[in-house]
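Colleague: below is the sequence, then the predicted model.
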Amino acid sequence: MSDRDIFSDDTGEVDVSVVPQEQLVQSPPPIPPPLEEDGITTLRDDEVNLLQWHQKGKKIIAVIGFYDSGKTFFVNRLRKALPDFDGWFCKQQAEDNPIIVTPDGIIQTEISKATGNHDGYIIADVAGESFAKGFRKQHGGGADKSLLDINPRYLSIFALADAFILLLPAKDLDKREIAEDYEVERKADNHDMIESFHNIVGMIKVAHDRIAVNGETPRSFMETGVTGEELQKAFFNHKVTCPRPVSVLYSLADVYERYVDDSYDEDPFLFTFSHIPKLAHAINHFFDFYRFDFLSAFYGQRDESNVPDYNLEHHGAVEAFYWIHEHLEMSSGLFGPWKRRFKGHLPTRTAIKWRRLLDPGFRSKWKRLKGSL
Amino acid sequence: MMYRKLSFAVYICFALLLVTSTIWFISALRGPAGSFDNEDARIREALRLPWSGFLPVTGSEKKIIRDLDLDEPIFMSDLRYWKDIPTGGLFSYPRSSSARNWLEKANGIMDQMQRDDSLDKSQVFDLFKEAVSALNRAERSAPNRWITQYNMGILHLWVDQKVAARKFLQKADKLISKQVQLPPRDVVDRFRAFEAGIVTRYALAHATFSESGSAEKGLIHFREAVKRIASIAYDETGQEYYAGVVSGYSFFKLQHTGTETQALWNDLVAAYMNTTQFHERCQDGSEIKPTSAPDCGMKNEDPNWKTRCHYRDAIFCSSLNNAEDPYKESYKRLFRGFYERGRWEDEHLLWALSNLVDINVYNPGMYSSPAILYNSSLLHLKLGDFQLAASQISDAYNSVDYLSVESGHVARLRGEYGSAGDHINKLRIVVNVLVGNKLKASSCPPSKEPSLLRLTFQELYPDQRETPSFPAVGSCFEEPEQERQVDKWLFIHLWRQLLEDGNYPAFEEEYSLLLKKKDVFTGFFEQWRAEVFSLIGDRALAERALCLKNGEYQKADLIEAFLMRSGFFKKETFEKLSMSPMDYLRRWRRVILSGLFFLVCIKLVFSWHARHRALWSTFVSYHRQSRKKT
């Protein structure tokens, strides 16, 4: 388990010229190791804080991805771009370094309900390396009754997050590229990444099953942890579905464009089902609401520089946030379900049925892909 | 791209569908039967207009009629003295007896009083005193004799001294009650007793009826007198004596006094008409309320019908079975109203009409009796049957006996000469005005100044100045107010024609012309209009019910729309619309269907939009969307 703070920026890719140095480059406070007593892990303050935010009604959006998949870019892009959309404002917290998203005008009292009609969001940027390491031990299959070595902070994300944004580097998913430009290391990374997402979906299922279905408290879930056997069982349990929305973003899509012509016109949905069937299978059978899209990172970048310019137009980040925001807004309230339908947020399986009905091209492709699912 | 075009086309189709369904729904919400604009031709067809002779007289018109002081039935008061002084048998006086001499002298004076038209009041009084003196002497010579008592009663009735008359006549009634129980010497004697009983009761009725608080007693005397006629008519021994008399209802002249039986019947009818509070009673004196219509077929089979409590039902049933034109319809209507609609207050009218029905059977037309025709006309005026009233009063006016009624000796002796003629003439004028018959301008002397209503009518309709529907009633009526009241029918005749033709817009136009006249009090006309449209509404409701029965639902809907949205009718009429659950369903079917269609359209649009958005937002990447926008 890495001792890096999972809530901190996990790379040094943030453009310090745009965001003040003192805000962005902060050395996170050292996290004391969890205290274990008779198999029960005692929560630390920041985990308790996350619980408290959750209890106060603040929605948590977990940004999860493999290392170097563009999570920090996504968050920073969001921080830059959101103020231009309906007065949303992003603030970087000093201590835990999450990004607080609140409506305009309540910057100073972002969690106060009296002055605004929205409690804001906690966008939790989770370090990708930790996922890879955390689940690597499970690679190879086989149920393990021992507790997985997963930090309670990860567990808190699975337990408390209201929505997920999964990031995958698009360029690493193209089979042709892998076939033509074969590298052992890349393939291994790619495999780890896919496995990690496989396990992440399994963890979300376990958390949802235990908390939402069986009524276990998030704190208990975080304290007792998860076993490998539980993870395996949950993954194959198709009876439990989860209403939390998931947006899968293929990051670095403009890099990918260099290898595949006109990539943005490719259907991201079919792309997923044809290239990453395991992930597609896991998401399709578990989540009621999910979406795939491309996220460009260097589109329009000047001088072919490797440093991202967050002020340039990058499609996908804000839209992904809004797609989730609408879901979360309309998941409650008297007219919420009606608004959700009117906005087109049908359960994705229903949308697939309608698309098969209305789109002959999709129907034939779906038929072809179905065998692989 | 194809999908975008297709979805756009689908949106357009759905939008058109939505607009159509919305328009349909809103138009349906306006009313259960669609709009009611420019539907005159259709509504005329649905209501089968025109309704000639439909509009009956309204309550406000009847009120005017009451205010015109017309409702005084005429009593013929054919009170005649007993002429026959027999020398043997019943009522016999020995020849050359003092009593007989005095009686003959009194008869001579009374004969003069009965015949001489030239007597003034003082002369009448002198003769009265002289006759009373003679009769007193006869009484002293032969006390407690019926003829003396009866003639004394008649003499006092002639000069309207009813208290004294009642005293003599009550004594006469007691005497005749005893005397008829004695065995008669011969047929003449027998019929003499019958006749004495009849005229005594008749005279006693007159002496009693007009006394306050004893009208009902007087009515019972009238009824008893009439009943006793039957004893003459149906006595087999009297076939030669009263040849040609086949029934107690037949009109004939009583031989010993010369009294006409039609006078008895007429006065009984008049008494019933005047006794508005009369109700038949059982033996114990309790009034009998009608509960349900009697089974008239049981009249001859059920012994209970012969009891006192069933007397009324037996008489009314008999009249119902015997009723002939022109009374058949009006009697049936009144009979049903009395028994089936609880119109208990009309019992006196039903008795009067029942008697008219009965005597009409044996004296068709009754043209020889203007008083009966007058009373019958007045009765039908009250019942709202104006055509029959007009016909009968015209017959009364033209009757050959008109003058003889005018010169009735009792009325003359009492100084009421000509009053019957006045009543007949007034009623003739009013009834003819009511039914819209043209009257000759010479019917009444012209009034000094036309009423304000007549002047307004002439101003509004100058073309009818010379030929109005009826001339001013003028001095036929004592009060100018009465002339003004009658002149209201100038407008009513005009409007009634428009309404019967179903020309409601024209009526509204004409009606508003009068309402604009500020100097005319329009309260009566407003009430009249409300009553008339209530009647029209009832008729329209009946037509609607017929249409529903025949399955003509479109016509029924149109009539319903006419009732509810033409603006002519009030809430009372709407409330009469019979609405079963199926009626409600049928009535609101357009709203329900269009509402369902509207909801389906909404659902289609909504679900299409949701699916379209779902497909678009789930499967099309933001890169692609942003490029399509540009």
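Modeller: Perfect, thanks for sending it. Residues are numbered from 1 along each chain as shown, chains lettered A, B, ... in the order given.

Colleague: tell me the SS of the residue of chain A found nearest chain B?
Modeller: At 2.4 Å from chain B, A:Gly344 is the closest residue in chain A, using CB to the nearest CB. All C-beta spots, glycine's among them, are computed from the backbone N, C-alpha and C. Assigned by DSSP: H, G, I helix; E, B strand; the rest coil, the conformation of A:Gly344 is coil.

Colleague: OK, contacts around it?
Modeller: Residues in contact with A:Gly344 (CB atoms under 8 Å, 6 or more residues apart in numbering or on different chains) are B:609-618.

Colleague: just the strands in the stretch 251-373 of chain A please.
Modeller: Taking DSSP state E, counting those that start in this stretch as the test, the strands found in the stretch 251-373 of chain A are A:290-294.

Colleague: quick check: residues of it near chain B?
Modeller: Proximity of the stretch 251-373 of chain A to chain B, by CB under 8 Å from any CB of the partner chain, involves residues A:253, A:264-265, A:267-269, A:291, A:293-294, A:296, A:315-316, A:319-320, A:323, A:341-346, A:348, A:350-351, A:354-355, A:358-359, A:362.

Colleague: buried among these? Need that as a selection in ChimeraX.
Modeller: Of those, the buried ones go into a single ChimeraX selection, burial set by 16 or more other CB atoms under 10 Å in any protein chain shown:
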select /A:253,264,267,268,269,291,293,294,296,315,316,319,320,323,341,343,344,345,346,348,351,354,355,359,362
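
Colleague: quick revisit: which of the contacts of A:Gly344 come close to chain A?
Modeller: Counting by CB under 8 Å from any CB, the members of the contacts of A:Gly344 near chain A are B:609-618.

Colleague: circling back: save the contacts of A:Gly344 as CSV, and put in secondary structure and distance to B:Gln255 too.
Modeller: Shown next, in CSV, are the contacts of A:Gly344 (DSSP: H, G, I helix; E, B strand; the rest coil; distance: CB to CB, whole Å):
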residue, secondary structure, distance to B:Gln255
B:His609, helix, 107
B:Ala610, helix, 108
B:Arg611, helix, 110
B:His612, helix, 111
B:Arg613, helix, 113
B:Ala614, helix, 114
B:Leu615, helix, 116
B:Trp616, helix, 117
B:Ser617, helix, 118
B:Thr618, helix, 120
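
Colleague: got JSON lines for the residues you listed, with pLDDT and neighbour count too?
Modeller: Listed next are the contacts of A:Gly344 as JSON lines, based on pLDDT from 0 to 100; neighbours: other CB atoms under 10 Å in any protein chain shown:
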{"residue": "B:His609", "pLDDT": "87", "neighbour count": "18"}
{"residue": "B:Ala610", "pLDDT": "85", "neighbour count": "21"}
{"residue": "B:Arg611", "pLDDT": "85", "neighbour count": "21"}
{"residue": "B:His612", "pLDDT": "86", "neighbour count": "20"}
{"residue": "B:Arg613", "pLDDT": "86", "neighbour count": "17"}
{"residue": "B:Ala614", "pLDDT": "87", "neighbour count": "22"}
{"residue": "B:Leu615", "pLDDT": "85", "neighbour count": "21"}
{"residue": "B:Trp616", "pLDDT": "83", "neighbour count": "15"}
{"residue": "B:Ser617", "pLDDT": "84", "neighbour count": "19"}
{"residue": "B:Thr618", "pLDDT": "87", "neighbour count": "24"}
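
Colleague: can you put those residues in a markdown table and add distance to A:Pro218?
Modeller: Shown next, in a markdown table, are the contacts of A:Gly344 (distance: CB to CB, whole Å):
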| residue | distance to A:Pro218 |
| --- | --- |
| B:His609 | 37 |
| B:Ala610 | 33 |
| B:Arg611 | 36 |
| B:His612 | 38 |
| B:Arg613 | 33 |
| B:Ala614 | 31 |
| B:Leu615 | 35 |
| B:Trp616 | 35 |
| B:Ser617 | 30 |
| B:Thr618 | 30 |
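
Colleague: closest to chain A out of these?
Modeller: Chain A has its nearest neighbour among the contacts of A:Gly344 in B:Arg613, at 2.4 Å by CB to the nearest CB.

Colleague: can you check the pLDDT for the nearest residue in space to the closest one that is not next to it in sequence?
Modeller: Spatially, and ignoring its direct neighbours in sequence, B:Arg613 is nearest to A:Gly344 (2.4 Å; CB to CB, 6 or more residues apart in numbering or on different chains). Confidence at A:Gly344, expressed as pLDDT, is 84.

Colleague: and B:Ser354, by the same measure?
Modeller: With respect to pLDDT, B:Ser354 has a value of 89.

Colleague: what's the first helix or strand after the helix or strand encompassing it?
Modeller: Element membership of B:Ser354, judged by DSSP states H and E, is helix B:347-362. Using DSSP H and E, the helix or strand that follows helix B:347-362 towards the C-terminus is helix B:370-383.

Colleague: ok and that following helix relative to helix B:347-362, angle-wise?
Modeller: 130 degrees (axes from the mean of the first three to the mean of the last three CA atoms, to 10 degrees).

Colleague: give the other helices and strands that helix B:370-383 contacts.
Modeller: Under the contact definition 3 or more CB pairs under 8 Å, 6 or more residues apart in numbering or on different chains; DSSP states H and E, helix B:370-383 sits against helix B:261-274, helix B:328-340, helix B:347-362, helix B:386-398, helix B:402-406, helix B:419-435.

Colleague: domain assignment for chain B?
Modeller: What automatic domain parsing lists as the domains of chain B is B:2-31+B:588-629, B:79-239, B:260-437.

Colleague: from the stretch 351-500 of chain B, which residue is nearest to chain A?
Modeller: For the stretch 351-500 of chain B, CB to the nearest CB, closest residue to chain A: B:Leu499, 55.8 Å.

Colleague: now whatever helix or strand that residue lives in: buried residues?
Modeller: For B:Leu499, the host element (DSSP H and E) is helix B:480-500. Residues of helix B:480-500 classed as buried: B:482-500 (neighbour count, 16+ other CB under 10 Å).

Colleague: isn't B:Phe569 right up against B:Leu535?
Modeller: No: applying CB atoms under 8 Å, one finds B:Phe569 not in contact with B:Leu535, separated by 10.7 Å.

Colleague: more neighbours: which of the two?
Modeller: Neighbour count, other CB atoms under 10 Å in any protein chain shown: between B:Phe569 and B:Leu535, B:Phe569 has more, with 20 against 16.

Colleague: next, that one: secondary structure please.
Modeller: Per three-state DSSP, B:Phe569 ends up coil.

Colleague: neighbouring contacts of the helix or strand hosting B:Ser60?
Modeller: In the assignment (DSSP H and E), B:Ser60 maps to helix B:59-67. Residues outside helix B:59-67 that contact it (CB under 8 Å, 6+ apart): B:71, B:381-382, B:384, B:430, B:434, B:482, B:485-486, B:488-489, B:492, B:524, B:527-528, B:531.

Colleague: circling back to that earlier point, mind checking how far the helix holding B:Ser354 is from the chain centre?
Modeller: Its chain's C-alpha centre and that of helix B:347-362 lie 13 Å apart, by CA atoms, centre = their mean, to the nearest Å.

Colleague: tell me the angle of that helix relative to helix B:386-398?
Modeller: Using the same axes, to 10 degrees: helix B:347-362 against helix B:386-398 is 60 degrees.

Colleague: which other helices and strands contact helix B:347-362?
Modeller: helix B:261-274, helix B:311-322, helix B:328-340, helix B:370-383.

Colleague: JSON lines for these, including mean pLDDT and distance to B:Ile147?
Modeller: Shown next, in JSON lines, are these (pLDDT from 0 to 100; distance: least, CB to CB, whole Å):
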{"stretch": "helix B:261-274", "mean pLDDT": "88", "distance to B:Ile147": "20"}
{"stretch": "helix B:311-322", "mean pLDDT": "83", "distance to B:Ile147": "33"}
{"stretch": "helix B:328-340", "mean pLDDT": "83", "distance to B:Ile147": "41"}
{"stretch": "helix B:370-383", "mean pLDDT": "84", "distance to B:Ile147": "28"}
